[in-house]
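Trainee: Pasted the sequence and its predicted model underneath.
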Amino acid sequence: MTLKIVTDSTITIAPELIEDLGITIVPLSFSIDGVIYTDGDLSLADYMNKVDAAENLPKTSQPPVGIFADMYQSLVADGSSVLSIHMTDTLSGTVEAARQGAMLTDGTVEVVDSFFTDQGLAFQVLEAARLAKAGKELPEVLSAIAQVRENTRLWAGVATLENLIKGGRIGRVTGMIGNFLDLKVILELDNKELKQIAKGRGNKTFKKWLDETAEAIAASGRKVKEIGISHVENLEFAETMRATLQKFVEKPIQILETTPIIATHTGRGAWALMFYYE
């Protein structure tokens, strides 16, 4: 028997790791002016170009229950068990669809809410996949990713509130004040809840928060195991974050473009910073 790892396409991960670690990714989908795309069909740049030309904000959709059920059934057919780790249920119904799909499967399928998304989700998926590849069994892997989840933090900067408002996500943000579309907002995904932790006008808002965060990390004395940075056409600030924070971690900080699904809700200029503490 082997343990197989499944996740969804809101994960932000280096493509070579997917194949190397045998990770199965179930794609979400999105529609642009009535045309439906599977997440992964378009690069982020192509996606943003289509968004710019679209009349309406794209709509995102979770995978159907049947897709999960069929995929799980194919994975357990050889006697393997499955660990399926997904973006938090406060942002999408994906993990619930996965749970329903697991109930329709003949075999062992464990579905886990990661409490995160993007590279915050990737920290848990990669830990699980490496342990599975090393032959570890499900209980040990579940314990390990619970530790990763407990020690992960995710912050995101949004350069425009327009997408969050139109996509209906603004109501899910605790403490959101003001409705100016050019407001720069910094959010934290904490215990599955999006919380506003800073806001202001201009990119100086992001830089001030970054400097304060670096000071807080230095003062805490906690050892950082890994840092990930993702962005939506904001490489300049992503590189500023890496230059500021690389001293806190031995492993080179990875900068990746996020997925179209996440970009739909954050808009252009957004970024995410994810920490995994030891």
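Mentor: Everything's here; your move.
Trainee: what about the strands in this protein?
Mentor: If DSSP state E is used as the criterion, the strands of the chain fall at 3-8, 24-26, 29-32, 35-38, 59-61, 81-86, 109-113, 152-158, 173-174, 184-190, 193-200, 224-231, 254-257, 271-277.
Trainee: With respect to residue 136, which of these lies nearest?
Mentor: Comparing the strands of the chain against residue 136 with CB to CB, the closest turns out to be strand 3-8 (7.2 Å). The way it works is simple: take the backbone N, C-alpha and C, and place the C-beta from them, glycine included.
Trainee: pretty sure residue 154 contacts residue 188?
Mentor: Yes - the criterion here is CB atoms under 8 Å, and residue 154 meets it with residue 188 at 6.9 Å.
Trainee: So which of these two has more stuff around it?
Mentor: residue 154 (24 against 17; other CB atoms under 10 Å).
Trainee: how near is the more buried one to residue 117?
Mentor: Between residue 154 and residue 117 the computed distance is 8 Å (CB to CB, to the nearest Å).
Trainee: shared neighbours of those two, anything?
Mentor: Counting by CB atoms under 8 Å, 6 or more residues apart in numbering, the shared contacts of residue 154 and residue 117 are residue 189.
Trainee: Now do the contacts for residue 24.
Mentor: Residue 24 sits in contact with 4, 5, 6, 7, 71, 75, where contact means CB under 8 Å, 6+ apart.
Trainee: likewise residue 226?
Mentor: Contacts of residue 226 (CB under 8 Å, 6+ apart): 123, 249, 251, 275, 276.
Trainee: Would you agree the fourth one is in contact with residue 224?
Mentor: In other words, residue 275. Yes - between residue 275 and residue 224 there is a contact at 5.9 Å, judged by CB under 8 Å.
Trainee: Look at those two and report which has more neighbours.
Mentor: residue 275 (23 against 20).
Trainee: For that one, give me the pLDDT.
Mentor: Looking at residue 275, its pLDDT is 95.
Trainee: For it, give its distance to residue 134.
Mentor: According to CB to CB, residue 275 stands 25 Å off from residue 134.
Trainee: again with residue 271
Mentor: Distance, residue 271 to residue 134, using CB to CB: 33 Å.
Trainee: With residue 16 instead?
Mentor: Noted for residue 16: a distance of 19 Å to residue 134, by CB to CB.
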